[in-house]
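Engineer: Below are the sequence and a predicted model for it; my questions follow.
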Amino acid sequence: MERLGLAMRMGLGDAARPGRPGAHRTRIRILLGVLMTALLIGGAVPYVAGPGRSYLSYLVLADRQDARGSADAARQATAAGGRVVQEYPQIGVVLAYATGGFADRLRGRPGIAAVGASRTTGVPGPPATLDGAGAFRDTRSDALDGGDDSDALTPDPGESADWNLAMIGAAGAAGPSGQSGGPRPAALLRTTADAPSAQALRRVLVAVLDSGVDDTHPDLRAAVDPGASVSCADGRPDPRYGAWRPDRGVTESGHGTHVAGIVGAAQDGKGVTGVAPGVRIAAVRLLGPLGQYYTENIICGMLWSADHGARAINDSYFADPWKYNCASDPDQAALVQAVGRAVGYAQRQGAVVVASAGNDGQDLGAVRRDQRSPNDRLSGPAHNRLLGTDCIRLPGELPGVLTVSALDRFGLPTSYSNYGRGRISIAAPGGEPDGGPLGAVVSDWPGGQYAALAGTSMAAAHVTGAVAVAAAAHPDWRPDRLVGLLADAAGSNCPYGTGACVERQFFGAGVLALPGGG
């Protein structure tokens, strides 16, 4: 995930500083060896044990991007010694598990476009059968444990800590009100009369691809749609009731609940208000049991969301195990192609794909270093990689993705946000780490709690909510028209006056503003 305030990466995106509610990566890295041992002994990992063999997961891409392509890829993967566990017929890709040499045996075969290992550390075997998949069970009364992020928690704000909503022109936002907010937007583009009706918003589905969403939270009970929610934590859709909720076994997995609250928390005088209160949320859990967002998880979530009619898909994370995937590496190039196919499919189905720009403070259009990959290793240092401009974040730098940078409460680019001319689509409120409820973004946290976090994760969620508002006002519009509407509105919204936010490498089209209903 891409949230700072409390964090470094929550195992989901990026975070601001270790030891705080976003320091997922740091903590998960320490726990990974322990988790692997404990899970194998306890039988909690959904993998079939093999006789001393180490399996990697692979994405096999057929030339054909359809069901015939995936069927052919499955046949050839099996012939090459792989065990196919999931087909993605929408895009001609399969997920297979195999031992060494699998990719080399398949690459170059007729009908195969690419093959790539989606992890660098082996597992005992392919995932086991999903027992009870599709057998929905009502467990809505099962409240979630809020975890150990007490340093990020804040009292119920009573819908008052909303400098972020004021910045984007949301109706009824309290604004700085003398607390610590900066200038109001030059043009508040939405009034109460402009806001779409609750009925119009309810017809819009937004997918939150993340660590899971606590739909027992008072702000989100009415928002999360169980029929559109799923777990893709191992690359396969598991729609069993509650599977989309945060995994209690993974430390600090509340990030998705926080993101979902920014998008669509109810406006009821308590807690927080989302950018699009009343919107339906598809909770799509990507975070796996070892704290990773593998590319097969992303593909599964993207296709599920598209097939269930999502108009916006929020992606506040980066793909594991490589923070940046480079075209020069055959494994990473295959992962880029596979996720690119899934994103393209979602866009063709009518979804605007929104992604966080990342919290590394780097120019995405320049040569830079990656010292955090691969992040699924059990031991040893990360590679010290010199990245060229062909090395991209997934899914944020794929064609057509709305990539979001983060602003502080004064409307200035944050020091942690990634940037780059032609790499940033739009800027939105992200807040400052350690800013607390006055300087970070306050939103929901599992167990009926609230937390103040900061990061490009939070910024992306604001944009996703704005896409939902635009889609409610214009239900027949395709993604390109919705994006164009937001870009036009952003161009005239700057906290320091029209024309002041012109540094495109930081702001893209400008500062997010909720579009009017006309």
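Structural biologist: Looks like it came in fine.

Engineer: do you know how far Asn384 is from Arg368?
Structural biologist: Using Cβ to Cβ, to the nearest Å, Asn384 is found at 12 Å from Arg368. The way it works is simple: take the backbone N, C-alpha and C, and place the C-beta from them, glycine included.

Engineer: who's more crowded, those two?
Structural biologist: Residue environment comparison for Asn384 versus Arg368 gives the larger neighbour count to Arg368, 18 against 9, counting by other Cβ atoms under 10 Å.

Engineer: Residues in a beta bridge with that one, which ones?
Structural biologist: Counting by DSSP bridges, Arg368 forms beta bridges with Leu387.

Engineer: quick one, what contacts it?
Structural biologist: Under the criterion of Cβ atoms under 8 Å, 6 or more residues apart in numbering, the contact partners of Arg368 comprise Gln362, Leu386, Leu387.

Engineer: And those residues, which of them are buried?
Structural biologist: Applying a neighbour-count criterion of 16 or more other Cβ atoms under 10 Å, the buried members of the contacts of Arg368 are Gln362, Leu387.

Engineer: can you redo the contacts of Arg368 as a markdown table with pLDDT and distance to Ala96?
Structural biologist: Output for those, formatted as a markdown table (pLDDT from 0 to 100; distance: Cβ to Cβ, whole Å):
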| residue | pLDDT | distance to Ala96 |
| --- | --- | --- |
| Gln362 | 97 | 34 |
| Leu386 | 97 | 32 |
| Leu387 | 97 | 28 |
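
Engineer: how long is stretch 113-130 end to end?
Structural biologist: Between the opening and closing residues of stretch 113-130 there is a gap of 29 Å (Cα to Cα, to the nearest Å).

Engineer: pLDDT averaged over that stretch, what's the number?
Structural biologist: Mean pLDDT, taken over the full extent of stretch 113-130, equals 92.

Engineer: From the chain's centroid, how far away is it?
Structural biologist: The chain centroid and the centroid of stretch 113-130 are separated by 21 Å, computed with Cα atoms, centre = their mean, to the nearest Å.

Engineer: Can you mark which positions in that stretch are buried?
Structural biologist: 113-127, 130.

Engineer: quick one on the thing from earlier: just curious, which of the contacts of Arg368 is nearest to Pro495?
Structural biologist: Proximity of those to Pro495 was ranked by Cβ to Cβ; the top entry is Gln362 with 24.4 Å.

Engineer: tell me the contacts of the closest one?
Structural biologist: Arg368, Asn418, Tyr419.

Engineer: now do Gly340
Structural biologist: Leu398, Pro399.

Engineer: what's downstream of the strand or helix carrying it, the next helix or strand?
Structural biologist: Using DSSP states H and E, Gly340 falls within helix 330-348. On the C-terminal side of helix 330-348, the closest following helix or strand by DSSP H and E is strand 352-356.

Engineer: neighbouring contacts of that following strand?
Structural biologist: In this structure, residues lying in contact with strand 352-356 by Cβ under 8 Å, 6+ apart are 1-2, 13-14, 302, 311-318, 343, 346-347, 393, 395-396, 398, 400-404, 455-457, 459-460, 463-464, 467, 471, 479, 482-483.

Engineer: what about 7 Å?
Structural biologist: Outside of strand 352-356, the residues that reach it under the criterion Cβ atoms under 7 Å, 6 or more residues apart in numbering are 2, 13, 311-316, 343, 346-347, 395-396, 400-404, 456-457, 459-460, 463-464, 467, 479, 482-483.

Engineer: Can you pull out the low-pLDDT segments for the stretch 151-300 of the chain?
Structural biologist: With pLDDT under 70 as the threshold, the stretch 151-300 of the chain has low-confidence stretches at 151, 161, 171-194, 252.

Engineer: can you pull out the strands in it?
Structural biologist: Ranges of strands within the stretch 151-300 of the chain are 153-154, 205-210, 230-231, 280-285, based on DSSP state E, counting those that start in this stretch.

Engineer: Kindly reformat those as a markdown table containing distance to Pro89 and mean neighbour count.
Structural biologist: Below are the strands of the stretch 151-300 of the chain laid out as a markdown table (distance: least, Cβ to Cβ, whole Å; neighbours: other Cβ atoms under 10 Å):
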| stretch | distance to Pro89 | mean neighbour count |
| --- | --- | --- |
| strand 153-154 | 43 | 18 |
| strand 205-210 | 20 | 31 |
| strand 230-231 | 17 | 26 |
| strand 280-285 | 19 | 28 |
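
Engineer: Name the nearest residue to Asn164, ignoring sequence neighbours.
Structural biologist: Counting by Cβ to Cβ, 6 or more residues apart in numbering, the nearest residue to Asn164 once its immediate chain neighbours are dropped is Pro429, at 3.7 Å.
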